[in-house]
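Student: Sharing a sequence plus its predicted fold:
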Amino acid sequence: MPGPSAKDGSHSPDFDRPDTDRFGTLVHAVARDRDRMAFAALFRHFAPKILQYCLKLGADRGTAEELVQDVMLTVWLKAGSFDPAQATVGTWVFTIARNRRIDHLRKEMRPAPDPDDPAMTPASHATPEESAQLVQSSRQLHDAIGSLAANQSEVLRRSYFLEQTHEEIAKDTAVPLGTVKTRLRLALQHLKSSLRDEA
Amino acid sequence: MTLPLHHPDDQLLIGYASGQERAGKSLLVATHLAYCPDCRQRVASYEALCGEWFEDLPCPDHGALDALLDHMDGLLAAALPTAETASLKPLDAGSIRAWPVPEPLRSWLPKAIDTPTDDGTWREISKGVWLSGWDRTLSGTTICLLRMASGAPVPAHRHTADELLLVLRGAFRDEYGSYALGDVAQYVADTDHHAFGASEEDCICLFLLDGELIFLDEDGKPLQPTRS
């Protein structure tokens, strides 16, 4: 039986809500009202993270600051395309930062499917069996990610997110190189074990 | 509708999601995603994981960024929200026998893919097996098309690095399985595999190779490259 505190919770103002909701509300305010205050709040939260991300991936300070502006300007312009059903604001900002730094730091463009492309196979083309499989596969991967051992998750993070070499990871975490390789292999096996049954 | 059964491994999917994977293999992964709702949701899960790591980044200095925020004032005022300017490449450009290849590959392909095999567009490497004259090198990965007539075996070859195939038309088979539209076959360096066309029409694949590809003659000796 819900106590009084739960009842009070239903009247709680925006700032009491979990961050994910709060940021979603801010992005929505930017999209709908061109709300500068909301933008400033998003900037204060995300700009330091974008800066840190770019610095860790080898940008110098000047380039990293340019990228912060570039990413936040994209947030300002594309706020209307943010879809809370698809991703959290943090993940959305990460994907923008990822794409911009690939452009800037690697001078490459990142190939991506176009969701408006009529030649793309929509999930709705799946048979009922395939649809059930899709739901199950998503849940299994979610569980696998959630149950990764901490040291395996850390090696994944350094290897894929920070793009460190095995040698760099060994040095930074003071772990033998062989152990780094083993942990990475085990982490990938763990994720793969959640893979749909291959015919 | 049958969705793809053979997918890029998780190393490629997480590398694509994090941005660690380079452009060449990303082109194949992204094109597979257009065919495969399962891998799209898998990549979304890995992006969410990266989003958590992004949120967890330590942020030592806030002060210096305030100046940057002030500086953005002018930028924000000047910038107009972009209407989605996405200009889709016409479907008939980069299509195989009127079947459009999905983006992002479509924008890379030359206009007519399914041309006769004797007009110089395709280079025959053995009976019933061709490589496209079109090729690209992207972040060190060589990209072209491989075409196999029904039952035609790809000649023995050796590759010193990873080899990847994505089926764009028809089907092929090897000792590991049967591959149809949207399926990915992934072979690590120095593995033996024997692919042959397994559909009535010619099978056409996107073909990616990290290192050098050396075709072997009947005695297993390297053939002279016949690049035009």
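Tutor: Structure's in. What do you need? Numbering: from 1, shown residues only, chains lettered A, B, ... in the order given.
Student: Geometric centre of chain A: which residue is closest?
Tutor: A:Thr91 (3.0 Å; CA atoms, centre = their mean).
Student: For the longest helix along chain A, what is the distance to the chain centroid?
Tutor: Determined from DSSP state H, the single longest helix within chain A is helix A:36-56. Helix A:36-56 sits 15 Å away from the centroid of its parent chain (CA atoms, centre = their mean, to the nearest Å).
Student: same check, this time on stretch A:82-100
Tutor: 6 Å.
Student: Give the buried residues for stretch A:139-154.
Tutor: Buried residues in stretch A:139-154, counted by 16 or more other CB atoms under 10 Å in any protein chain shown: A:Leu141, A:Ala144, A:Ile145, A:Leu148, A:Gln152, A:Ser153, A:Glu154. Every C-beta, even on glycine, is put in place using the N, C-alpha and C of the backbone.
Student: Pull the residues that contact it.
Tutor: A:156, A:173, A:183-184, A:186-187, A:190-191, A:193-196, B:42, B:45, B:49 (CB atoms under 8 Å, 6 or more residues apart in numbering or on different chains).
Student: still on that earlier bit, I'd like the buried residues of stretch A:139-154 written out as a markdown table, with secondary structure and pLDDT added.
Tutor: Below are the buried residues of stretch A:139-154 laid out as a markdown table (DSSP: H, G, I helix; E, B strand; the rest coil; pLDDT from 0 to 100):
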| residue | secondary structure | pLDDT |
| --- | --- | --- |
| A:Leu141 | helix | 93 |
| A:Ala144 | helix | 94 |
| A:Ile145 | helix | 95 |
| A:Leu148 | coil | 95 |
| A:Gln152 | helix | 97 |
| A:Ser153 | helix | 97 |
| A:Glu154 | helix | 97 |
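Student: In contact with the closest residue to A:Leu156 other than its chain neighbours: list those residues for me.
Tutor: Excluding the flanking residues, the one nearest A:Leu156 by CB to CB, 6 or more residues apart in numbering or on different chains is A:Ala187, at 4.9 Å. Taking CB under 8 Å, 6+ apart, we find A:Ala187 in contact with A:Leu148, A:Ala149, A:Gln152, A:Ser153, A:Val155, A:Leu156.
Student: residues in contact with B:His7?
Tutor: A:Leu195, B:Leu13, B:His32, B:Cys36, B:Asp38, B:Cys39, B:Arg42, B:Val184.
Student: And the helix or strand where A:Arg101 lies, what does it pack against?
Tutor: Per DSSP states H and E: A:Arg101 is located in helix A:89-106. Packing contacts for helix A:89-106, counted by 3 or more CB pairs under 8 Å, 6 or more residues apart in numbering or on different chains; DSSP states H and E, involve helix A:19-33, helix A:36-56, helix A:61-78, helix B:37-55.
Student: mean pLDDT lowest for which of those?
Tutor: Lowest mean pLDDT of these: helix A:19-33, a mean of 90.
Student: Just the buried positions in it, please.
Tutor: A:Phe23, A:Gly24, A:Thr25, A:Leu26, A:Val27, A:His28, A:Ala29, A:Val30, A:Ala31.
Student: for it, packing partners?
Tutor: helix A:36-56, helix A:61-78, helix A:89-106.
Student: in chain B, what residue is nearest chain A?
Tutor: B:Gly51 (2.9 Å; CB to the nearest CB).
Student: quick one: the residue nearest to A:Lys181 when sequence neighbours are not counted and B:Ser18, what's the gap?
Tutor: Among residues not flanking A:Lys181 along the chain, A:His166 sits closest, at 5.9 Å (CB to CB, 6+ apart). Here A:His166 is placed at a distance of 16 Å from B:Ser18 (CB to CB, to the nearest Å).
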